[in-house]
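> could you look at this predicted model? Sequence included:
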Amino acid sequence: MLLSIIIPTYNEERTLVEVISKIIKKENIAKEILVIDDGSKDNSIKVLENNFKDKIILIKNKKNYGKGYSVRQGLSKCNGDLILIQDADLEYDPDDYEKLLKPIIDGKADVVFGSRFRGDGVRRQIYFLNQIGNNLISFVCNLFTGLNLSDIEAGYKVFKSQVLKDIKLRENRFGFEPEVVVKCSKKNIRIFEVGISYYGRTYTEGKKIRWYHALQALWCVFIYSLFSK
């Protein structure tokens, strides 16, 4: 099976080479790599073109639209049987790919969500209040959807291609995470969760999530649970 790896990126010139190089080295996985530059103002484009010109599909957004918008741009160009969302900041390790893909390859799952709070993956310990926020969002999402997920905000998500392409996604920014979970819950599909490693960044290191994104996530859970198919 061909794996399409969609990498939304915004001002990540410091980590792009390492994360894409790690993906390329996974020679046991048939893959295409789609990098969507979301209007970066640093040297991200130059880094990508100088190092990976013939190894990636590069999509350039005209301005900064957000993660959800960038994922949709990747979906419009990808050809894989499976689709994996990879953040460009190295908080999530491509060494977890085999673990994430296994339930689908084994014929047991249609969608696999990573979890920073389950399993034996290593995890950097920072920002207690962020974890409380994540737990609250997951709890509310589970109440509305009937699922039992521990980490709906985790960046690693893998889908059978047709499952994701059949979902009408609307959110342009970080609301993509709760939106796609809620909309997957409304389909007759098999959803699995596996533990992953997490190398979180501090805000001085470039972390982009802020407290108000939690409010947006809760709003998305509410809206898409009640008013979407």
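Received the coordinates, thanks.

> please count neighbours and contacts with C-alpha atoms only from this point.
Will do.

> any low-confidence regions in the protein?
Applying pLDDT under 70 to the chain picks out residues 124-127, 201, 203, 205-211.

> which residue ranges of it form helices?
Listed in chain order, the helices of the chain (DSSP state H) span 16-24, 44-52, 67-75, 97-105, 128-145, 161-165, 176-185, 211-227.

> now the angle between helix 176-185 and the last one, please.
Orientation check (axes from the mean of the first three to the mean of the last three C-alpha atoms, to 10 degrees): helix 211-227 against helix 176-185 gives 20 degrees.

> sorry, back to before: in TSV: the helices of the chain, plus distance to residue 84 and mean neighbour count.
Supplementary listing: these in TSV, determined by distance: least, C-alpha to C-alpha, whole Å; neighbours: other C-alpha atoms under 10 Å:
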stretch	distance to residue 84	mean neighbour count
helix 16-24	12	17
helix 44-52	19	16
helix 67-75	10	22
helix 97-105	9	18
helix 128-145	21	17
helix 161-165	9	16
helix 176-185	13	23
helix 211-227	21	16
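
> with distance to residue 152 as extra columns, can I get those in a markdown table?
Formatted as a markdown table, the helices of the chain follow (distance: least, C-alpha to C-alpha, whole Å):
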| stretch | distance to residue 152 |
| --- | --- |
| helix 16-24 | 22 |
| helix 44-52 | 28 |
| helix 67-75 | 15 |
| helix 97-105 | 15 |
| helix 128-145 | 6 |
| helix 161-165 | 16 |
| helix 176-185 | 6 |
| helix 211-227 | 10 |
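
> nearest to residue 6, out of those?
helix 67-75 (5.9 Å; C-alpha to C-alpha).

> name the helices or strands packed onto that closest one?
Contact analysis of helix 67-75 by 3 or more C-alpha pairs under 8 Å, 6 or more residues apart in numbering; DSSP states H and E lists strand 3-9, strand 31-37 as its packing neighbours.

> what are the contacting residues of that helix?
6-9, 34-38, 59, 61, 85, 165, 169-176 (C-alpha atoms under 8 Å, 6 or more residues apart in numbering).

> could I have the buried ones of the residues you listed as ChimeraX selection syntax?
This is the ChimeraX syntax for the buried subset of the contacts of helix 67-75, where burial follows 16 or more other C-alpha atoms under 10 Å:
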select :6,7,8,9,34,35,36,37,38,59,61,85,169,171,172,173,174,175,176
